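Colleague: got a predicted model here, sequence first, then my questions.
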Amino acid sequence: MTLSIFVNIPTTDLERSKAFYEALGFTINPLFTDDNAACVVLSDTIYFMVVTRDYLQTFTDKPIIDPKTSAQTQISLTRDSREAVDEIVAKAVAAGGTEPREAQDYGFMYSRDLEDPDGNLIGFLYMDQAAVEQGPDAYLAQQGAGAPQASA
């Protein structure tokens, strides 16, 4: 079985959101895009459904938060290198996103946070493959480093 992930995120301006995610290099699947939602293709199995707030409200009886003022979740996406993390965040900022805090460097993992124009939280990160296979503590011990520390 192939598992696909569709993440619904709210927007107040669907056209702005489509342009933002296309500026990051993602594509829009027109077969699943209309006046209420756009399907942003992140990979062969991962998609953002950028959904108007009014339409998203039809999915639940719970209130839809305003991502500009409240955090519901943060979605983190991997990149192939630290440089690729920096590159996509630069594209995102140029396209209207914001970086709410400085980069975090843990030695085995490098990450940068981003807010899209609606305030939805997205992280981009690179993790050394050896750390993925060994776990961060074993990797850092092998590198002669101590416990991971966040730094800019």
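Modeller: Ah, there it is.
Colleague: map the structural domains onto the sequence of this protein.
Modeller: According to automatic domain parsing, the chain comprises the domains 1-54, 71-152.
Colleague: out of these, the one nearest I64 is which?
Modeller: Closest to I64 of those, according to Cβ to Cβ: domain 1-54, at 5.5 Å. (Glycine included, C-beta is placed from N, CA and C.)
Colleague: how long is that closest one end to end?
Modeller: 33 Å (Cα to Cα, to the nearest Å).
Colleague: beta partners of the residue nearest in space to the middle of the chain?
Modeller: By Cα atoms, centre = their mean, the chain has its centre lying nearest to I122, at 2.9 Å. For I122, the beta-bridge assignment (DSSP bridges) gives partners I75, L114.
Colleague: mind listing what it touches?
Modeller: 74-77, 92, 113-116 (Cβ atoms under 8 Å, 6 or more residues apart in numbering).
Colleague: buried subset of those residues as a ChimeraX selection?
Modeller: Applied in ChimeraX, the following selects the buried portion of those according to 16 or more other Cβ atoms under 10 Å:
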select :92,113,114,115,116
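Colleague: distance to Y47 and pLDDT added to the contacts of I122, as JSON lines?
Modeller: Below are the contacts of I122 laid out as JSON lines (distance: Cβ to Cβ, whole Å; pLDDT from 0 to 100):
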{"residue": "Q74", "distance to Y47": "17", "pLDDT": "91"}
{"residue": "I75", "distance to Y47": "11", "pLDDT": "93"}
{"residue": "S76", "distance to Y47": "16", "pLDDT": "94"}
{"residue": "L77", "distance to Y47": "12", "pLDDT": "94"}
{"residue": "A92", "distance to Y47": "18", "pLDDT": "97"}
{"residue": "D113", "distance to Y47": "21", "pLDDT": "96"}
{"residue": "L114", "distance to Y47": "18", "pLDDT": "95"}
{"residue": "E115", "distance to Y47": "20", "pLDDT": "96"}
{"residue": "D116", "distance to Y47": "15", "pLDDT": "96"}
